[in-house]
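*Asks:* fold the following for me, if possible:
(2 chains)
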Amino acid sequence: MAETSHGARIIMAPPAISATTLPVELELRAVERLWSHAFLRKSLLLILLGVFWQVYARVLDNSLLFPTLGETLASLWENVRNGTLPLRTWTSLRVLFIGYAAGIAVAATLTVLAIGTRVGTDFLETMTAMFNPLPAIALLPLALIWFGLGTGSLVFVLIHSVTWAVALNTHSGFLGVSRTLRMVGRNYGLKGLGYVRRILVPAAFASILTGLKIGWAFAWRTLIAAELVFGVSSGKGGLGWYVFENRVLLDIPAVFAGLLTVIVIGLVVENVVFRSIEQRTVRRWGLQG
Amino acid sequence: MSQLQTASPLPAQQASRTLLDVSGVTLRYKTETSLVTATERVSFDVAASDRFVLLGPSGCGKSTLLKGVGGYLRPSEGQIRIKGHEVTEPGADRMMVFQEFDQLLPWQTVLENVMFPLVVARKLTRRAARERALAYIEKVQLGKFADSYTHTLSGGMKQRVAIARGMAMEPDILLMDEPFASLDALTRRQMQDELLRLWDETRFTVLFVTHSIAEAIRIGSRILLLSPHPGRVKAEVRDVEGVSFEDGSAARLEKEIHDLLFAEPRLDG
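*Replies:* Numbering: from 1, shown residues only, chains lettered A, B, ... in the order given. Okay, the predicted model is just below:
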């Protein structure tokens, strides 16, 4: 290129010599790789805690106050086998699903109204500001008067525990949807519910999911607490009632087994159900790191 | 050679080719504290296959004008007509391409992003939409990325997807709001050339907003110069295709436009 007009010179780099000592990607050692899994690290911690529990309870040697891990697991196994615990769990979960679904439905209605009209927004904001700080369980006495001893009262407090958390997060998620995305949606001629469903909900999904998670945690706690206060409806109570009942019977390993079940269900929903929804949605879309 | 008309008022040529007719449009919008007049009695018309550029410094209301044509803003005076129908709301006959990279729907892949308006607004079957979307994705050279989610793409690629999405709809007019302004200089040049190549293939009509004189000359066949506060038409440049970047005529036109835009008011009467 001697005849170029610009007069500047371009000097090409020499061709690359063969590979250096270190390859571009080097595999880590097996131990290092295992250690990088949070799941494995946490499992190890759990095992350590279990050992500590067992040793401490053995030293204490008072199964009325603090049964060993072994006794608890034995009681758990026994109660699972004779069908008591699965039945109680199912009773609790059934009520929970009804309350959770109803709560989400109420939240969805409120938020759609809020996004459509200014009065709706004001209403939602006032209601969430008022009821969000009020623990759902505090409404139980009132619910008992209104709906009597039974599922009706439980569902009522559950709706209250779910609705505000979900509505609050969904609403702030909707408000956070970028102006550009809103304009894109309207450019496609989307309006009303179609616009909400096809643009706002997916765009705000990270925030909605957070609301659903918080709502679930609130609901689960509220339900167990409510069942502790009363649980016998039509002859069979839920998990909370199971814990309460066994305390009265002084079957403390069974109390521990009941608590363990409550924890395990909470963990499974959080880490399996919500985690997998997250993987398939917001993580895949790059909306959450 | 391009001809430059210092024009107020512009000759209102109501030819039958007129696709978009903006006549005497005043656009105002409210901020928290005041009512801003973005444009005042702006008139121009765009014919089919025009590459019409709105050019002016910030504050000249060019973006607001584009949003008006998009139907996001009702003129408080004057009329915007497309194919003889008054624009009253946003619609898929005027596809927008924005400057922001977040204009793609992150929950959809590249293919789904291009298909989505075809299915929702154009009511194509999924199969027909897919076919057409793939063809346009191929046109912007993103065939390999059809199944990628948008957060994995670079800025330039995102803008290409947005352009493919707009073009696939085969709208009456493509509205582009500084689509390359957020790109780095090299990518911007590349995208400008690519847009021209696409235009050569399909001869779509485009209304393009920019504040870069060089970009306006490169992209446009006609350029409307707007002056700021409030936005008014200052002049229109026609036959911009005639200028060449080789013989220096583009640079001379750029200088002339620059002088005109930043001239002291009232000097050119």
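
*Asks:* what residues does the stretch 1-150 of chain B put near chain A?
*Replies:* Contact residues, the stretch 1-150 of chain B versus chain A (CB under 8 Å from any CB of the partner chain): B:70, B:72, B:89-92, B:94-96, B:98, B:100, B:102-103, B:105-107, B:116-117, B:120-121, B:149-150. Backbone N, C-alpha and C define where each C-beta goes, glycine included.

*Asks:* could you flag which of those are buried?
*Replies:* B:70, B:72, B:90-92, B:94-96, B:98, B:100, B:102-103, B:105-107, B:116-117, B:120-121, B:149-150 (16 or more other CB atoms under 10 Å in any protein chain shown).

*Asks:* so, low pLDDT: which residues of the chain?
*Replies:* Reading this off chain A. A:1-6, A:17-24, A:230-236, A:289 (pLDDT under 70).

*Asks:* oops, I was thinking of chain B
*Replies:* B:1-16, B:264-269.

*Asks:* tell me the centre residue of it?
*Replies:* residue B:208 (2.2 Å; CA atoms, centre = their mean).

*Asks:* report the beta-bridge partners for it.
*Replies:* residue B:53, residue B:176 (DSSP bridges).

*Asks:* residues contacting the residue in chain A that chain B sits nearest to?
*Replies:* Residue nearest to chain B within chain A (CB to the nearest CB): residue A:286, separated by 2.8 Å. Residue A:286 makes contact with B:106, B:149-152 under the criterion CB atoms under 8 Å, 6 or more residues apart in numbering or on different chains.

*Asks:* the closest residue to residue A:60 other than its chain neighbours sits in which helix or strand?
*Replies:* Using CB to CB, 6 or more residues apart in numbering or on different chains and skipping the chain neighbours, the partner closest in space to residue A:60 is residue A:66 (5.4 Å). For residue A:66, there is no enclosing helix or strand under DSSP states H and E.

*Asks:* kindly report the same for residue A:75.
*Replies:* helix A:69-81.

*Asks:* what number of residues lie near the closest residue to residue B:91 other than its chain neighbours?
*Replies:* Among residues not flanking residue B:91 along the chain, residue A:189 sits closest, at 5.4 Å (CB to CB, 6+ apart). Other residues near residue A:189 come to 18 when the count uses other CB atoms under 10 Å in any protein chain shown.

*Asks:* same question, residue B:242
*Replies:* By other CB under 10 Å, neighbour count at residue B:242 equals 13.

*Asks:* what distance do you get for it to residue B:249?
*Replies:* From residue B:242 across to residue B:249, the span is 8 Å (CB to CB, to the nearest Å).

*Asks:* equivalent analysis for residue B:38, please.
*Replies:* Distance, residue B:38 to residue B:249, using CB to CB: 33 Å.

*Asks:* same thing with residue B:94?
*Replies:* Separation of residue B:94 from residue B:249 (CB to CB): 33 Å.

*Asks:* for residue A:58, which residues are in contact?
*Replies:* Residue A:58 touches residue A:68, counting by CB under 8 Å, 6+ apart.

*Asks:* does it lie in a helix or a strand, and which?
*Replies:* Counting by DSSP H and E, residue A:58 is found in helix A:38-60.

*Asks:* what angle do that helix and helix A:69-81 make?
*Replies:* For helix A:38-60 against helix A:69-81, the angle by axes from the mean of the first three to the mean of the last three CA atoms, to 10 degrees is 110 degrees.

*Asks:* export only the CA atoms of helix A:38-60, formatted as CSV.
*Replies:* Written as CSV, here are the backbone C-alpha positions of helix A:38-60 (Å, rounded to 0.1, in the frame of the first residue of the first chain):
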residue,chain,number,x,y,z
ALA,A,38,-23.3,-23.3,47.7
PHE,A,39,-25.7,-26.3,48.1
LEU,A,40,-22.8,-28.6,49.1
ARG,A,41,-21.4,-26.0,51.6
LYS,A,42,-24.8,-25.5,53.2
SER,A,43,-25.4,-29.3,53.4
LEU,A,44,-22.2,-29.6,55.2
LEU,A,45,-23.3,-26.9,57.7
LEU,A,46,-26.6,-28.7,58.2
ILE,A,47,-24.9,-31.9,59.0
LEU,A,48,-22.6,-30.1,61.5
LEU,A,49,-25.7,-28.6,63.2
GLY,A,50,-27.4,-32.0,63.3
VAL,A,51,-24.3,-33.5,65.0
PHE,A,52,-24.2,-30.6,67.5
TRP,A,53,-28.0,-31.1,68.2
GLN,A,54,-27.6,-34.8,68.8
VAL,A,55,-24.6,-34.3,71.2
TYR,A,56,-26.2,-31.5,73.1
ALA,A,57,-29.5,-33.3,73.6
ARG,A,58,-27.6,-36.5,74.7
VAL,A,59,-25.7,-34.5,77.3
LEU,A,60,-28.9,-32.8,78.5
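
*Asks:* buried residues, it. List them.
*Replies:* In helix A:38-60, the ones that count as buried by 16+ other CB under 10 Å are A:53-54, A:57.

*Asks:* would you turn those into a markdown table with distance to chain B?
*Replies:* Putting those into a markdown table (distance: CB to the nearest CB, whole Å) gives the following:
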| residue | distance to chain B |
| --- | --- |
| A:53 | 44 |
| A:54 | 47 |
| A:57 | 50 |
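
*Asks:* show me how far the strand or helix carrying residue B:134 is from its chain's centre.
*Replies:* Secondary structure assigned from DSSP H and E places residue B:134 in helix B:126-139. Between the centre of helix B:126-139 and the centre of its chain there are 23 Å (CA atoms, centre = their mean, to the nearest Å).

*Asks:* with only the CA atoms kept, save it in PDB.
*Replies:* Written as PDB, here are the backbone C-alpha positions of helix B:126-139 (Å, rounded to 0.1, in the frame of the first residue of the first chain):
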ATOM      1  CA  ARG B 126     -47.600 -17.800  14.200                       C
ATOM      2  CA  ARG B 127     -46.100 -19.700  11.200                       C
ATOM      3  CA  ALA B 128     -46.400 -16.700   8.800                       C
ATOM      4  CA  ALA B 129     -45.100 -14.400  11.500                       C
ATOM      5  CA  ARG B 130     -42.200 -16.700  12.100                       C
ATOM      6  CA  GLU B 131     -41.300 -16.900   8.500                       C
ATOM      7  CA  ARG B 132     -41.400 -13.200   7.900                       C
ATOM      8  CA  ALA B 133     -39.500 -12.400  11.200                       C
ATOM      9  CA  LEU B 134     -36.800 -14.800  10.300                       C
ATOM     10  CA  ALA B 135     -36.400 -13.200   6.800                       C
ATOM     11  CA  TYR B 136     -36.000  -9.800   8.400                       C
ATOM     12  CA  ILE B 137     -33.600 -11.000  11.100                       C
ATOM     13  CA  GLU B 138     -31.600 -12.500   8.300                       C
ATOM     14  CA  LYS B 139     -31.600  -9.100   6.600                       C
END
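
*Asks:* what about the helix holding residue A:58, distance to the chain center?
*Replies:* Its chain's C-alpha centre and that of helix A:38-60 lie 24 Å apart, by CA atoms, centre = their mean.

*Asks:* same check on stretch A:89-98?
*Replies:* Distance of stretch A:89-98 from the chain centroid (CA atoms, centre = their mean) equals 16 Å.

*Asks:* what distance do you get for the residue sitting nearest the centre point of chain A to residue A:177?
*Replies:* In chain A, the centroid-proximal residue (CA atoms, centre = their mean) is residue A:213; its distance is 3.3 Å. Look at residue A:213 and residue A:177: by CB to CB, they are 20 Å apart.
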